[in-house]
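> Predicted structure and sequence below. I'll ask about it afterward.
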Amino acid sequence: MRDDGLPVRVIFDKVPENLRARPTLSVTITSAHAGMRPATLSYLTPGLGWKADYVALYDEAGSKIDVQGWITLTNSSGTTYENAQTLLVAGSPTAVEGTGPANTWRSPRPRPTVQQAGTESGSRERLGDYYLYPLSERSTIANLQTKQVGFLDVHGVPAEHGYEFRNRWLGTSDTAQSAKTVYSFSTSAHSGLGDQLPAGILRFYLRDRRGDPEFIGESRIEHTPMGSTLSLATGDAFDVKVRPVVDKRTRLGAAEWQTDMRYEFSNALPQSVTVKLLQQGLWGDSRITAESQKSTRPSAETAAWAVTVPANGKAELTASFDTRF
Amino acid sequence: MRSAICLLLASGLVPIAGPLAADTAASGTVAEVSADAPSELKVTIYRDPFRGAGSIDLDRLEGFALVSETRTVHLPAGESRLRFEGVADGIEPSSAIVTGLAAQVLEKNREGALLSPSALVAQAQGKPLVLIRTNSRTGVVERTPGTILSDAEGGVVFRTSEGVEALRCSGLPETFSFEPSTGLSSHPTLSVLARSLEPVSGMVTLSYLARGFDWAANYTATLSADETRMDLGAWVTLANGNGVGFPAAQTQVVAGRVNRENDEVEPIDVGGPILARCWPRGSTSDIPELLQFDSAAALARKAAKEGGATRALAAAPLPQMAAQRVTEEQLGDLKLYRVPQPTTVASRQSKQVRLLDRTAIPVTVVYGADLASGVTAGAVPAIKYLRSVNSTANHLGLPLPSGRVDAFGEHRGLLEHEADLRDLAVDEELEISLGTSPDVEVTVVKEGTDSERIEIANARARQIRFELRLSLEEGARVVRSDRPMETKNGRPIFRLDVPANSTATLRYQIGKRSS
């Protein structure tokens, strides 16, 4: 304004019509007569989202769980929605603007949580193939707020506690590795949670000797239909360990190998436990030629054994595989 | 007229917002209530789930804690927003659980919009406030009523009776005086919207998971002079990197790995700077820097970058020694260690509590080497191992949580080596590496295409036990050897004694095809 650096106040008479403090949407309307009338504006916006959070309290003595479900809503859209009627859609409607499928082949496949997909229909409101979760009351969703509203509260659902160990093909170890602690339960109406579960994180709690709930691990679940059987790993067992050992690899032919595997189980708990051992990677026409205990094949490429390990004791399982690799 | 807003939220991806239905009557006024300060605190600390062994890093506390706070609340009849102030900074709001509240919990909220200069301006937009101008020559303060028209892009435009102006564009000292109550807090605050038909007073328990904690065991192994016995002592070292301390808390630590899912961190608005975006001021030849008010968070970040935060952790007091010992109990498939007396887990503090003391544990010292067949190697020092079994017969027989072992020789009590220890259950083999030993050297000499000679030179004045573990190619095996061979974990192993101050040799031949 001035070349001598002295303060200059510039005062405008008015703000031009087309300048606004916030991005503004406007419509041009032709109307026959003037007057107040209600109008509805609908639009899509990113920056709003929700997931579910579950709290499960496991009762060791009765093998039962209490589950509470919360809908966690986050708003980073930049706007506060005052006193809004809110409806949540479970399922993943395709977003064209989305980034597309992630590079799933790079990361190892996560441990499947749904053992058996359910076939029961829920009583919840539906929108096409999606379930709707309306919030029962109007709520203010402030900008940058995380809001939780309860939607599930079930008590005394039968649950099972077990151990699982997955060994990759030719997995061998000098030290024993902890088996995974697994809790499984059903979402069916008659003997389970009786609801479909929107995707989210389930946190497990267990009462300590003083009766206070303590956190024992969490697991992610996908959208789960009602009637499914869920098996969720919460962490590693301190006292139940497995040591997989490749005892011997023998070449039987140009493209044929015999692999002798030995699995050593140890249990430092005062009661006997059953460990579900899964040997993965049995691709193609792989066969089990010998085994110290009968296996089952949940899938062609996986063999499973249920191994009982005595209290404060050890157990051993051997198996020979005939493979082309 | 009140607008009706309806939100349709799709999980994860596309939220659809738009009015659907006519509005219903709004709920009554909401009372703002703060819960009292915690009267009882419980902190259960979990380790970093991705650290299998070793000690904690005070600069990066990757573990977490379950915090339970018992607080007294007084709720009036009707709807009230109950605020819990002073929760840990690392709180994961989606894990919060409120129990014991004799009122209906409508929703739990965590506000991420923090008090910052830009948030103050944004909230004041369109509302009357006072512009304060100071005459830099006379010091006279002039107060003019005005309104903020816009704070778009960090620049502030305001209107007074004189007209429309941009803040600080005149070069004169200008600022606003804001109304005090704006509903913003300086820390993320957790609140619960509750409804009760009558006034309620009582104790509620708030529990939540919070980041910024960790713990590990720190062992001291003292080896006897004849290397046959060991004394093992251990501390539980726990640390709190949060800005909030927990006075007189019932403190526990949990051993064993628990699953954690990488959860998104909820958004927090730390505020942007307020800028004076004007026409070029000053002379035509120089353009002055933009006037910039630093936001509080930017200042905090700057302070952290300059070492404020890390120094606070690194300068944490040396671990305080306490005579009490933790008690162990089973928690599902995990181990829970309880500090017997309530203790203060202060902010940015590390603390040690005694875990165990065991004496005269029989141990075997073994020198070992891992060799891949077919690789010639010059003189390589062997690795010294201390072995025992975690059993009651060996004065142990208790779960040993993972951590770091400092091994001391009895002679002058000097530190020999530091080793990492993973979680060890009862009756598992305990093996502590004492590092390489230059007194025992291993040399590999190739004698033929498939045969090798190993020379083990012992410079110690004592007979030693030596173990050689071989890694063979797939399908290969040892067809001949001049010493007895065993198999351990699918690999050939030779165990031999090497007399004092002498060299032992071992020859073997490898067959490539077994059939």
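Received, thanks. Numbers count the residues shown, from 1 in each chain, chains lettered A, B, ... in the order given.

> Okay, the residue in chain A that chain B sits nearest to and residue A:189: tell me how far apart.
Taking Cβ to the nearest Cβ, chain B has its nearest neighbour within chain A at residue A:42, 2.7 Å off. Where C-beta positions appear, they are placed from N, C-alpha and C, glycine not excepted. Applying Cβ to Cβ, to the nearest Å, the value for residue A:42 to residue A:189 is 36 Å.

> hmm, back to that, could you check how many residues crowd around the residue of chain A closest to chain B?
Residue A:42 has 11 neighbours, counted by other Cβ atoms under 10 Å in any protein chain shown.

> next one: the one 5 residues further on
By other Cβ under 10 Å, the residues close to residue A:47 number 15.

> ditto for residue B:454
Residues lying near residue B:454 (other Cβ under 10 Å) number 22.

> Give me the contacts around the helix or strand that contains it.
Assigned by DSSP states H and E, residue B:454 belongs to strand B:451-458. The contact list for strand B:451-458, computed with Cβ atoms under 8 Å, 6 or more residues apart in numbering or on different chains, reads B:371, B:373-374, B:379, B:382, B:439-447, B:464, B:466, B:468, B:480, B:496, B:498-510.

> Stretch B:247-256 now?
A:178, A:208, A:214-215, A:235-238, B:40-47, B:215, B:217, B:236, B:238, B:326, B:331, B:333-339, B:342-346, B:353, B:399, B:401-402, B:423.

> quick revisit: give me the buried positions along the strand holding residue B:454.
Across strand B:451-458, burial judged by 16 or more other Cβ atoms under 10 Å in any protein chain shown covers B:452, B:454, B:456-458.

> Phi first, then psi, for the residue positioned nearest the centre of chain B.
Geometric centre of chain B, nearest residue: residue B:62, 2.1 Å, by Cα atoms, centre = their mean. Dihedral pair for residue B:62: phi -100, psi 0, per degrees, to the nearest 10.

> Wait, it touches residue B:54, no?
No - assessed by Cβ atoms under 8 Å, residue B:62 is found out of contact with residue B:54, at 11.9 Å.

> before we move on, the earlier item: list the contacts of the residue nearest to the centre of chain B.
Contacts of residue B:62 (Cβ under 8 Å, 6+ apart): B:48, B:50-51, B:214.

> next one: residue B:31
By Cβ under 8 Å, 6+ apart, the neighbours of residue B:31 are B:75-76, B:78-81.

> in chain B, what spans have low per-residue confidence?
B:1-28, B:179-184, B:187-188, B:262-271, B:277, B:279-323, B:374, B:376, B:411-413, B:513-515 (pLDDT under 70).

> Please, where are all the helices along it?
Using DSSP state H, the helices of chain B run over residues B:117-124, B:296-305, B:308-314.

> ditto for the stretch 151-300 of chain A
Applying DSSP state H, counting those that start in this stretch to the stretch 151-300 of chain A gives no helices.

> where does it dip in pLDDT?
For the stretch 151-300 of chain A, no range has pLDDT under 70.

> Could you rerun that using 90?
The stretch 151-300 of chain A contains residues with pLDDT under 90 at A:151-152, A:171-175, A:189-200, A:211-212, A:222-225, A:247-255, A:281, A:283-286, A:298-300.

> For the stretch 151-300 of chain B, just list every one of the strands.
B:157-160, B:163-166, B:174-177, B:189-196, B:200-223, B:229-240, B:246-255, B:274-275, B:292-293 (DSSP state E, counting those that start in this stretch).

> Out of these, which gets nearest to residue A:9?
Proximity to residue A:9, assessed across the strands of the stretch 151-300 of chain B by Cβ to Cβ, is greatest for strand B:163-166 (6.7 Å).

> Which elements pack onto that closest one?
When contacts are defined as 3 or more Cβ pairs under 8 Å, 6 or more residues apart in numbering or on different chains; DSSP states H and E, strand B:163-166 packs onto strand B:157-160.

> if we can go back for a sec, list buried residues within the contacts of stretch B:247-256.
Among those, the ones that count as buried by 16+ other Cβ under 10 Å are A:178, A:208, A:214-215, A:235-238, B:41-47, B:215, B:217, B:236, B:238, B:326, B:331, B:333-339, B:343-346, B:353, B:399, B:401-402, B:423.

> Can you name the residues bridging to residue B:478?
residue B:510 (DSSP bridges).

> same check, this time on residue B:193
What pairs with residue B:193, by the bridge criterion (DSSP bridges), is residue B:81, residue B:107.

> Verify the stated contact: it with residue B:103.
No - between residue B:193 and residue B:103 there is no contact under Cβ under 8 Å: 9.9 Å.

> Report the buried residues of stretch B:50-67.
B:51-52, B:54-56, B:58, B:61-67.

> Tell me the one among the residues you listed nearest to residue A:174.
residue B:52 (13.7 Å).

> Contact partners for the closest one?
Here residue B:52 is in contact with B:257, B:402, B:420, B:422 (Cβ under 8 Å, 6+ apart).

> run the last query once more with 6 Å
residue B:422 (Cβ atoms under 6 Å, 6 or more residues apart in numbering or on different chains).

> ditto for the one 3 residues further on
Contacts for residue B:55 were tallied using Cβ under 6 Å, 6+ apart; they are B:216, B:404.
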